[in-house]
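In: Using only what follows, build the 3D model:
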Amino acid sequence: MLKEINPKIACFKDRLIDHNPMKTVFTLLSVFSFALLTGCQSIPQADDAKGTSTGWLPLAQFNAELARLEKKQNGKNFWDEGHWVTSVDGRWNNGIAEYRMSYAEVPENEGYWWYWWFNQEESSFEQRKRYYSDEGFTMVHSQSYLNPEGEKRYQGVWHKIYPKN
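Out: So this is what the prediction gives:
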C-alpha cells in the first residue's frame with residue numbers, strides 16, 4: 001500500500017521562501033531516489049495545452065525528475081528560472097502507481113505563488129482545497145485515480161497571481 005506523499009513545491013517570484021519541514025523531507029526523498037537512478041532521466045514530452053510534460057513515470061523516477069528540476073545551478077533551480085507546475089496526474093498501471101506533471105513558464109510581469117500535491121487521500125485533498133481557496137488560490141488542475149485497494153488518490157495544483165508593486 002502506498003503512503004501519502006506530500007511534495008509541496010512553493011515558488012515565490014519575489015523570492016520569499018516557504019520553510020516547510022515537509023519540503024525538507026521531500027527533498028531528501030528526491031535526492032535518495034535520484035541517487036538510486038543515476039543516469040535515468042525522462043525526456044520531456046510536448047503537451048501543447050499545458051507546456052511540457054514529464055510523461056508517465058513510476059514514483060522513484062518521478063522523484064528523480066523532480067530532484068533534477070530542483071537542483072540549483074548558478075544559485076537557481078528550474079522553478080527559480082520562471083517555471084511552475086500546471087498539472088499533475090496519477091494512475092495505477094500494470095501494478096504500479098505512475099505520475100506525470102506538466103509545467104510551463106510563469107506569467108511575465110506578475111507576482112505569483114503556487115502549490116502542488118500528489119497521491120493524497122481524500123481528506124487531505126479536501127482540506128487543502130479549502131485552505132488554498134481561503135488564501136485566494138485558484139485550483140487550476142485536479143485529478144484522481146483508484147488504487148488496487150479501492151482508495152481514490154488525488155492530485156491538485158493551485159496558482160495565485162497578483163500585481164507586482
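
In: Report the mean per-residue pLDDT for stretch 95-107.
Out: Averaging pLDDT along stretch 95-107 yields 95.

In: Give me the contact list for that stretch.
Out: Stretch 95-107 has contacts (Cβ atoms under 8 Å, 6 or more residues apart in numbering) with 2, 11, 13, 47, 50-59, 62, 69, 82-92, 112, 116, 118-119, 147, 153, 155, 161. C-betas here are computed from N, CA, C, even on glycine.

In: can we see that at 7 Å?
Out: 2, 13, 47, 50-59, 62, 82-91, 112, 118, 147, 161 (Cβ atoms under 7 Å, 6 or more residues apart in numbering).

In: Put the alpha carbons of it into PDB.
Out: Extracted C-alpha coordinates of stretch 95-107, given in PDB (Å, rounded to 0.1, in the frame of the first residue of the first chain):
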ATOM      1  CA  GLY A  95       0.700  -3.000 -10.800                       C
ATOM      2  CA  ILE A  96       2.400   0.300 -10.100                       C
ATOM      3  CA  ALA A  97       1.500   3.900  -9.400                       C
ATOM      4  CA  GLU A  98       2.700   6.300 -12.100                       C
ATOM      5  CA  TYR A  99       2.700  10.100 -12.200                       C
ATOM      6  CA  ARG A 100       3.300  12.800 -14.700                       C
ATOM      7  CA  MET A 101       3.300  16.600 -14.400                       C
ATOM      8  CA  SER A 102       3.200  19.400 -16.900                       C
ATOM      9  CA  TYR A 103       4.900  22.700 -16.400                       C
ATOM     10  CA  ALA A 104       5.200  26.000 -18.200                       C
ATOM     11  CA  GLU A 105       6.700  29.400 -17.900                       C
ATOM     12  CA  VAL A 106       5.100  31.700 -15.300                       C
ATOM     13  CA  PRO A 107       3.300  34.900 -16.400                       C
END
